[in-house]
Every structure is written in structure tokens, then in C-alpha cells.
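**Student:** Structure, please.
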Amino acid sequence: MITCIIIDDEQNALEMMEWLIKTYTPQVQVLAMCNSAEQGVEAIKKLRPDVVFLDIEMPKMNGFDMLEQFDHLFFDVVFCTAYDQFALKAFRYSALNYLLKPVDPDDLKATIARLEEKKSLPTREQLNLLLQNIQSREKLTPHRIALTTNDGLIFVATNDIVYCEAESNYTNVVLANGKKILVSKVLKEIDEALSGSDFYRVHSSYLININHIKKFVRSDGGYIIMDNDANINISRSRRQEFMELFSKF
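**Tutor:** The predicted model follows:
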């Protein structure tokens with residue numbers, strides 16, 4: 001059984017989340033519902049839940065300010081937000097859980113399934129990374145990303161990533177220093193997090209950092225040579241679009 005507390009300044013949002021949890025995730029027990037961050041802090045300290053469903057935008061004290069009240073996080077956090085798609089990328093960069101309002105039951109079930117499999121709690125570094133990226137209004141790739149591995153989290157500079165390669169249900173992230181990091185996410189999830197001005201999906205198996213392109217070879221159907229001399233295939237369906245992008249540089 002997973003225990004939780006729901007924190008949201010809107011009463012209807014509290015009641016809806018409680019109903020969703022009881023209806024679709026019966027393995028989760030709601031210990032308390034709080035309509036302010038101040039109430040939330042008291043309830044968390046008293047009841048010590050496994051997870052907190054936390055609204056970000058609240059009066060007086062927002063969700064981030066509330067988390068600052070704890071020296072260390074002994075509970076997991078699922079942010080409940082109505083942010084736009086750009087802001088949602090910030091959650092992916094920091095490898096933190098979120099639910100987009102109005103909450104979809106399937107998303108809730110998937111989130112609970114991830115929590116049941118997790119081996120570690122959120123870190124202050126993840127929260128700081130999330131806050132920095134949300135506060136940035138430039139729609140560019142952030143400077144750092146949290147990569148989820150079987151051993152925990154690895155924080156890397158995005159400009160150090162040369163390319164990402166699909167490997168079954170995992171992804172190999174290849175860095176400029178030659179290091180490979182096996183990430184416990186499929187390439188599609190990495191693509192959703194990194195896609196933007198610096199990263200481009202050239203193949204079903206490859207996502208590349210265009211800043212690390214050394215050469216494009218037209219022969220043999222077309223392939224890309226990266227800074228580290230890796231040869232990356234480009235799919236026929238992406239070739240024309242890539243050439244238009246590539247011609248800008």
C-alpha cells in the first residue's frame with residue numbers, strides 16, 4: 001500500500017484527484033487533503049506519506065517554496081500542473097513525475113506504476129534543475145539534464161551529448177568524452193525531452209546533437225559522421241528535412 005497526501009488550493013481539484021486515486025489506483029491510500037501549502041507542510045511532517053501530489057501554483061507559498069521547508073525529502077513528489085508543453089519539458093529534463101491537469105486516469109496509473117518501481121527519492125539537485133528550467137522562458141534546450149539509470153540519476157550537460165541510440169527498452173547516451181550511459185527509458189522519451197534547437201531525430205534508432213556533426217555523406221543512402229567519428233544512419237523519410245536543416249549551418 002502506498003500512502004499519499006494531496007495538496008491543491010482548489011477544492012474541486014482536491015476532490016477530483018481523490019476520486020481518481022480511489023477509483024483507478026486502489027493500492028494508494030489518501031491520508032489527507034490540504035488546500036494550502038502551509039497545511040501541506042504540517043500534514044507531511046505528521047503523517048509522513050510515501051508520495052505527495054502537489055499543485056505548483058498556490059497563493060502565499062507555491063509548491064517549490066513548500067518543498068524548501070524540508071531539509072531533505074523523505075517522500076516522493078508528483079507535480080500536478082496545467083503548464084504548457086514547453087514547461088512540461090522541464091519535468092522531463094529533471095526526471096521528475098508530473099500529471100497534467102485535467103488528470104488522465106491512464107497517466108495516473110502509469111505514474112503510480114513508476115513510483116512502485118522507483119529505488120530512490122527526488123533530490124534537491126533535481127528540484128533546482130526543474131525550477132531553473134521552468135523559470136527560463138527561452139524555448140531552447142536547457143544546459144543540463146537528469147538521466148535515469150538502473151543505479152540512480154546522472155546529471156550531464158546537454159552540450160556534452162553527441163548522440164542517443166535506441167537499445168531495446170533502453171537508450172545509450174553517448175558523451176563527447178567517450179562515455180556511454182545506459183538510460184532506462186526508450187528513445188522516444190529521450191526525444192521528447194531533448195528535441196529542440198540542438199537535437200534532431202534522424203532515424204528510429206538515433207537522436208543526434210547537431211552541434212557535434214562533422215560531416216554528411218550522400219553515398220550509401222546518406223549517413224552522418226559525428227565528432228567522435230561515429231557513423232549515424234539517416235532514414236530516407238528524414239533525409240530531405242535533415243538536408244534543409246543541415247544547409248543552414
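**Student:** how about the nearest residue to N177, chain neighbours excluded?
**Tutor:** The shortest distance from N177 to any non-neighbouring residue, by CB to CB, 6 or more residues apart in numbering, is to D160 (7.2 Å). Where C-beta positions appear, they are placed from N, C-alpha and C, glycine not excepted.
**Student:** Ok, C164 next?
**Tutor:** Per CB to CB, 6+ apart, closest to C164 is L207, 4.3 Å.
**Student:** just checking, the one you found touches D198?
**Tutor:** No: with contact defined as CB atoms under 8 Å, L207 does not reach D198; the gap is 10.5 Å.
**Student:** Return the helix or strand in this protein with minimum mean pLDDT.
**Tutor:** helix 85-94 (a mean of 62; mean pLDDT, DSSP states H and E).
**Student:** Phi, psi for the residue sitting furthest away from the middle of the chain please.
**Tutor:** The C-alpha centroid of the chain is most remote from S219, which lies 37.2 Å away (CA atoms, centre = their mean). Backbone geometry at S219, expressed as degrees, to the nearest 10, gives phi -70, psi 170.
**Student:** And this protein, split by domain according to the record?
**Tutor:** Taking automatic domain parsing as the criterion, the chain consists of the domains 2-135, 144-246.
**Student:** ok so, going back, separation between the residue nearest to C164 and R114?
**Tutor:** Going from L207 to R114 by CB to CB, to the nearest Å gives 22 Å.
**Student:** neighbour-wise, which of those two wins?
**Tutor:** Using other CB atoms under 10 Å as the criterion, L207 and R114 rank with L207 on top: 24 against 13.
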